[in-house]
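**Q** with the input below, show me the fold.
(one chain, ligands or ions: 1)
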Amino acid sequence: MSSKTMIEAKNITKQFERKIALSSLSFSIKQGELVALIGPSGAGKTTLLNSIAGLVPLHSGELMIENQPLGNYKRGKQFAKKIGVIRQQFDLIGPLAVIHNVLAGKLSEWGIFKSLFSLLVPQEKEVAIRALERVGLEDKIFEVTATLSGGEQQRVAMARLLVQKPEIILADEPVASLDPARADDVLGMLTKIVNEENQTLLASLHSVEYARKYFTRIISLKNGEIFFDLPTEKVSDELLTELYQLKEQV
Ligand SMILES: Nc1ncnc2c1ncn2[C@@H]1O[C@H](COP(=O)(O)OP(=O)(O)OP(=O)(O)O)[C@@H](O)[C@H]1O
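**A** Predicted coordinates for the structure are as follows:
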């Protein structure tokens with residue numbers, strides 16, 4: 001792992017009307033880290049990922065991406081090379097063939113003309129083929145995306161990320177809609193790709209089991225605050241019970 005800091009949160013706070021979703025969080029994540037974000041429903045996981053993706057403005061504090069304030073990054077190509085997002089809903093266009101969804105990873109790089117032309121004659125087809133080979137879907141290249149299973153669609157989303165090649169991947173519940181065997185398969189593949197590409201991964205998960213199996217560090221949130229931030233091997237069952245406990249014990 002390199003010592004380059006990829007994400008740094010400095011006392012970040014986010015409030016929705018009177019609800020504090022993130023309360024003065026601070027942490028930093030280095031290149032190559034595989035970080036799972038866990039915590040009960042409503043703890044702030046999605047809000048945190050969306051803040052880092054630049055989709056949710058903060059009330060106070062600062063987010064630094066590779067030592068630059070997040071706001072300094074221009075949207076478009078520059079940002080797409082820095083941060084890629086993968087979600088539970090996959091964000092794929094169902095009626096399009098798999099190849100077009102994979103090549104969507106190039107949209108911020110291509111101009112509008114090349115992007116539109118690519119819908120007629122796929123551009124840089126070999127890039128898409130290579131990405132689909134890596135996720136084991138090369139035989140599905142011209143299938144309509146919506147006809148693929150949930151696990152296959154999540155692999156298409158991963159192939160799109162392979163084409164986009166961001167340095168940081170933010171994954172919001174990437175396997176929540178998959179059955180356990182598909183979830184295992186998708187997380188195994190995602191973390192393998194991240195390791196091979198020396199990327200950095202921050203993924204929210206409901207499953208502690210997957211967090212322990214695939215991630216090197218676990219950050220837990222509770223009521224918008226960091227409850228613990230530990231290397232995976234230091235996360236005890238007692239801490240997890242406390243994290244998910246419904247009411248604070250008095
Ligand atoms: N757009 C919004 N408007 C108002 N409140 C919001 C909004 N988005 C999130 N919240 C609130 O902020 C808090 C944190 O929500 P968030 O979705 O980040 O939690 P989460 O940990 O991702 O939950 P889950 O595991 O259920 O997805 C919740 O109380 C939620 O109701």
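
**Q** hey, where'd the strands end up in the protein?
**A** Assigned by DSSP state E, the chain shows strands spanning 5-16, 19-30, 34-38, 60-65, 68-69, 83-87, 168-172, 200-204, 217-222, 225-231.

**Q** which one of the ones you listed lies nearest to Val102?
**A** Closest to Val102 of the strands of the chain is strand 83-87 (CB to CB; 13.1 Å). Yep, even glycine has a C-beta here, placed from its N, CA and C like the rest.

**Q** and that closest one, what does it pack against?
**A** helix 150-164, strand 168-172 (3 or more CB pairs under 8 Å, 6 or more residues apart in numbering; DSSP states H and E).

**Q** would it count as contacting the ligand?
**A** No. Strand 83-87 does not reach the ligand (CB under 6 Å from any ligand atom); its nearest approach is 11.1 Å.

**Q** low-confidence ranges, this protein, go.
**A** Low-confidence segments of the chain, defined by pLDDT under 70: 1-2, 107-108, 110-118, 120-121, 123, 247-250.

**Q** the lengthiest helix in it: which residues count as buried?
**A** If you go by DSSP state H, the chain has its longest helix at helix 180-196. Neighbour counts over helix 180-196 (16 or more other CB atoms under 10 Å) mark 182-187, 189-191, 193-194 as buried.

**Q** the ligand contacts on this protein?
**A** 16, 19, 21, 39, 41-47.

**Q** so what does the longest helix of the chain touch, helix or strand wise?
**A** strand 34-38, helix 150-164, strand 168-172, strand 200-204, helix 208-214.

**Q** helices or strands up against the longest one?
**A** Contacting helix 150-164 under the criterion 3+ CB pairs under 8 Å, 6+ apart are the following elements: strand 83-87, helix 98-103, helix 125-134, helix 180-196.

**Q** re earlier: let me know the closest of the buried residues of helix 180-196 to the ligand.
**A** When these are ranked by distance to the ligand (CB to the nearest ligand atom), Ala183 comes first, at 15.7 Å.

**Q** how about the contacts made by the closest one?
**A** Contact analysis of Ala183 by CB atoms under 8 Å, 6 or more residues apart in numbering lists 175, 207, 210.
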